[in-house]
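Peer 1: need a 3D model of the following:
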Amino acid sequence: MLDALTALTTRRPRWVLAVALLAVVAAAVLGSGVADRLRAGQGTEDPGSESALAGRLLEEHFPDSRPNLILLVESEAGVDDREAARQGLGLAEGLAYEEGVTGVTSYWQTGADALKSHDGTRALIAAHLGGTEAEAGIAAAELAERYGGDHGPLTVRVGGQTAVLNDIETTIAEDLVRAEVIALPLTLLILVWVYGSVVSAVLPLVVGVVAIIGTNAVLWVVAGLTDVSVFAQSLTIALGLGLAIDYALLMVRRFRAELAAGADPPAATAVTVRTAGRTVVFSALAICAALAAMLLFPLYFLRSFAYAGVTVVVLAALTSLLVLPAVLTLLGHRVNALDPRRPLRRRGPSPEEAADLRWRRLTRLVMGRAPVFALLALVVLVVAGLPFLRVEFGMADDRQLPAGTESRQVMDAIRQDFDPAATGVVDVLVHSPPEETDTGRLASYAAALSLLENVDEVRSPLGVYADGDPVRDRTPVDALRESEELSYLQVVPDAAVEDVSPQSQDLVRAVRAVDTPLETSVSGQAAAVVDAQSAIAEQLPLALTAVVAGMLVLVYLLTGSVLLPVLSVLFNALSLTAMFGAVVWVFQDGNLSGPLGFTPTGFIDTALPVLMFCIAFGLSMDYGVFLLARMREEYDRTGDHRTAVELGLRRTGGVVTAAAVTLAVVLFAIGASRVTNTMMLGWGVALAVVADATVVRCLLVPSVLRMTGRATWWAPAPLRRFHRAFDSALGEGAAEPARAPAPAAPPPARPDGEPSTDRAGTNTEVAHAHD
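Peer 2: The predicted model follows:
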């Protein structure tokens, strides 16, 4: 496979680049409107759950119960003032006749206390917009322009679910542009310094841009077939740039090393594809395996990241294996051009030699005191992860928006100044046959619900119940009964219970546990969170098994060892502890909320840890592949375990560090978002990357491998034979192409300090070397 790619990219590089350019142009045109097709909804609900099915029935039969557009109306004279009431009633009646509005309820129409603020200066007009999420979003934006602002003595602000989703979509789009503006220049500066060449530094950005453009085109197609979250664009940029840098670092460094060893450009490209290209293949497969696990979950929020993540990884790998080698073949020695570090250089060791010396000292220090450093690294990672033991799960709401956003301000006002019945009710749908839904059974059920802990009252077609007794006889809540077969109850929690807090989730479980002969289903935000947790818990063992099994197989195929796959999974798992601990300590507990500018809610979005695990686990395996592949190469060359571990870390330390720094820059730029979930994703995964590249790869891995000794590379004879056959099929066993004649004098040292070729042009490293 790799030999075929080598032949294509070295013999017809211009054809490869021409076809790639046409494909990129077509993808850019196709993917230019991808943002308009993505959904800004949470996407964290299980569409087949009890709450989702009941929610769809409520929207169909009781549209007033599911308002998704809320007008917060304020009057200094009070909402009961005659002129204010006249204007407010006019707004409600006018809104009812707007296209797309299927139901309107207001304080001035019903006189309900729940729709009036505690101080009497504000009131609510709640409307339901029909159609798809996109259609409702467009309608909400148009209505906000006409109804927002001043109307006589009234001031109107627009909120509700559709307004919040519109603001999330707009904010994320603006933040992604800002992230690109921040990340690209900083990344270029880092790469220029790492490579010592402007030409080499530009190549990873080219790979990243191609991968991002191609992924946007694929998402445009996928979004026409299924729901795709707008949050997936953040992952596209982060992984597109990050993996492009990782893969291009490997490929370009190996290519430059081969040139320095005396190879001509086509021969250098061939060796690069067979060695560094092999590592790219395994890295891409490892990351895809981790990201693809999210397809097992029914939540489209997670599935969206699988669509985007797998696509961008595949495209980054293909671009690195096809486009980049063709460019390198044409550039040749010009890949080293435009070195801005040259005027700053002093006499003495080169930057590469100095870096190799530092890595040698660190490696020998760690391996010389292996048990001490292994225990130290283990303690640091475990202690960093302890806060995750007190994690609480919920559903992200409007509070992930900046505090100054209008829709966020409306929802804050409702939480602070209105009764919980305005937004936080638990919906109960009774859909028993007429002969079963008699008045007595329904009344008994409503009374039983009102006795539950943290319940203020229960509203039903028969009246309002509190503490097991009717508060008033058959109040006009007739809207809660659609037919003899379908009735609707509202369980209103106490004022201290927030919409999607752990207390509200416990209330949902208590409602579902009430014994009744009626056929019922529970819905609402808290119920959606409970059902999402159940869906994730049901699929999580299968997803974890798939990820771990995939990693075990890939690391075995990479190294031929049976111990290294197990150790790699453990190393990767430990590298995630700091991320999960920090997420709870910072975003759930609210530490650093001031400097970072977000509002802590006391819980973490249910789906976010799964997403962060899959991304961070895959990226950790990416760096693990870099390190283990080179260790395997050195072990094949020298036959000495300790030398292989030391040289493996020395040869890849610079690559992994540079890749981790540049990827962290991209992730921190993504984490600078004003949307809390995106901020959490960027900062959390960036921390995992840094922890993996420092504590795990520099301390834990070499110290543990020093203690495992030669047993690290053991495998049963049948597995050894299979591994050799696999390497041969991949192209490892092929002979290297002929190189240009080497000079009589010893060839110059490679930029990364690798062994040079001998005078006959034969690489002293084995033909199946791993970069």
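Peer 1: would you point out the helix or strand in the protein whose mean pLDDT is lowest?
Peer 2: In the chain, the helix or strand scored least confidently by mean pLDDT, DSSP states H and E is strand 469-473, which has a mean of 71.
Peer 1: ok, which stretches of the stretch 551-700 of the chain are strands?
Peer 2: Taking DSSP state E, counting those that start in this stretch as the test, the strands found in the stretch 551-700 of the chain are 604-605.
Peer 1: shaky segments in it?
Peer 2: Across the stretch 551-700 of the chain, no stretch falls below the confidence threshold (pLDDT under 70).
Peer 1: now the chain
Peer 2: 1-2, 40-42, 341-352, 420-424, 432-438, 472-485, 496, 730-771.
Peer 1: what about the strands in it?
Peer 2: For the chain, the strands defined by DSSP state E occupy 69-74, 101-106, 122-129, 149-151, 154-159, 393-394, 426-430, 455-460, 463-466, 469-473, 487-493, 520-523, 604-605.
Peer 1: the inter-axis angle of the fifth one versus strand 69-74?
Peer 2: Relative orientation of strand 154-159 with respect to strand 69-74: 150 degrees, computed using axes from the mean of the first three to the mean of the last three CA atoms, to 10 degrees.
Peer 1: which other residues reach strand 154-159?
Peer 2: 69-75, 84, 87-88, 91, 140, 143-144, 147-150, 398, 406-411, 414 (CB atoms under 8 Å, 6 or more residues apart in numbering). For glycine as for every other residue, the C-beta is placed from the backbone atoms N, C-alpha and C.
Peer 1: so what strands line up beside that strand?
Peer 2: strand 69-74 (antiparallel), strand 149-151 (antiparallel) (DSSP bridges).
Peer 1: next, format those strands as JSON lines and append mean neighbour count and distance to residue 726.
Peer 2: Below are the strands paired with strand 154-159 laid out as JSON lines (neighbours: other CB atoms under 10 Å; distance: least, CB to CB, whole Å):
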{"stretch": "strand 69-74", "mean neighbour count": "25", "distance to residue 726": "59"}
{"stretch": "strand 149-151", "mean neighbour count": "13", "distance to residue 726": "68"}
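Peer 1: and residue 727, which of those strands is closest to it?
Peer 2: strand 69-74 (61.2 Å; CB to CB).
Peer 1: now find how far off-centre the closest one is within its chain.
Peer 2: Centroid separation between strand 69-74 and its chain, computed with CA atoms, centre = their mean, to the nearest Å, is 33 Å.
Peer 1: tell me the angle it makes with strand 101-106.
Peer 2: Using the same axes, to 10 degrees: strand 69-74 against strand 101-106 is 30 degrees.
Peer 1: can you report how many residues lie near the nearest residue to residue 619 once chain neighbours are set aside?
Peer 2: Leaving out its chain neighbours, the residue that sits closest to residue 619 by CB to CB, 6 or more residues apart in numbering is residue 689, at 5.8 Å. Using other CB atoms under 10 Å, residue 689 is surrounded by 26 other residues.
Peer 1: same check, this time on residue 14
Peer 2: 10.
Peer 1: need the contact list for it.
Peer 2: Neighbours of residue 14 in contact, by CB under 8 Å, 6+ apart: 326, 330.
Peer 1: can you check which of the strands paired with strand 154-159 gets nearest to residue 246?
Peer 2: strand 69-74 (44.9 Å).
Peer 1: tell me the angle that closest one makes with strand 122-129.
Peer 2: Going by the same axes, to 10 degrees, strand 69-74 makes 160 degrees with strand 122-129.
Peer 1: residue contacts, residue 290?
Peer 2: Taking CB under 8 Å, 6+ apart, one finds 547, 550, 551, 614, 615, 617, 618, 621 in contact with residue 290.
Peer 1: which one (most neighbours) among these?
Peer 2: For these, neighbours tallied by other CB under 10 Å; top is residue 621, 29 neighbours.
Peer 1: quick revisit: the residue nearest to residue 619 against residue 662, yeah?
Peer 2: No: using CB atoms under 8 Å, residue 689 is not in contact with residue 662, being 10.0 Å away.
Peer 1: picking up where we left off before, kindly reformat the strands of the chain as JSON lines containing distance to residue 418.
Peer 2: Below are those laid out as JSON lines (distance: least, CB to CB, whole Å):
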{"stretch": "strand 69-74", "distance to residue 418": "9"}
{"stretch": "strand 101-106", "distance to residue 418": "13"}
{"stretch": "strand 122-129", "distance to residue 418": "7"}
{"stretch": "strand 149-151", "distance to residue 418": "20"}
{"stretch": "strand 154-159", "distance to residue 418": "12"}
{"stretch": "strand 393-394", "distance to residue 418": "20"}
{"stretch": "strand 426-430", "distance to residue 418": "17"}
{"stretch": "strand 455-460", "distance to residue 418": "13"}
{"stretch": "strand 463-466", "distance to residue 418": "18"}
{"stretch": "strand 469-473", "distance to residue 418": "19"}
{"stretch": "strand 487-493", "distance to residue 418": "12"}
{"stretch": "strand 520-523", "distance to residue 418": "21"}
{"stretch": "strand 604-605", "distance to residue 418": "25"}
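Peer 1: mind checking which of the ones you listed is nearest residue 385?
Peer 2: Of all these, it is strand 604-605 that lies closest to residue 385, at 14.2 Å by CB to CB.
Peer 1: which residues are in contact with that closest one?
Peer 2: Counting by CB under 8 Å, 6+ apart, 44, 391-396, 583-584, 587-588, 677, 680 sit against strand 604-605.
Peer 1: any idea how far that strand is from the middle of the chain?
Peer 2: With CA atoms, centre = their mean, you get 13 Å for strand 604-605.
Peer 1: returning to that earlier point: widest-spaced pair of the contacts of strand 604-605?
Peer 2: Farthest pair in the contacts of strand 604-605, by CB to CB: 44 and 584, 18.3 Å.
Peer 1: neighbour count winner among the two?
Peer 2: For residue 44 versus residue 584, neighbours defined as other CB under 10 Å are more numerous around residue 44 (25 against 21).
Peer 1: my read is that that one contacts residue 606, right?
Peer 2: Yes: using CB under 8 Å, residue 44 is in contact with residue 606, at 6.1 Å.
Peer 1: for the stretch 551-700 of the chain, which segments count as helices?
Peer 2: 563-575, 577-583, 593-596, 608-638, 641-671, 676-691 (DSSP state H, counting those that start in this stretch).
Peer 1: and these: which comes nearest residue 116?
Peer 2: Taking the helices of the stretch 551-700 of the chain one by one with CB to CB, helix 676-691 is closest: 30.4 Å.
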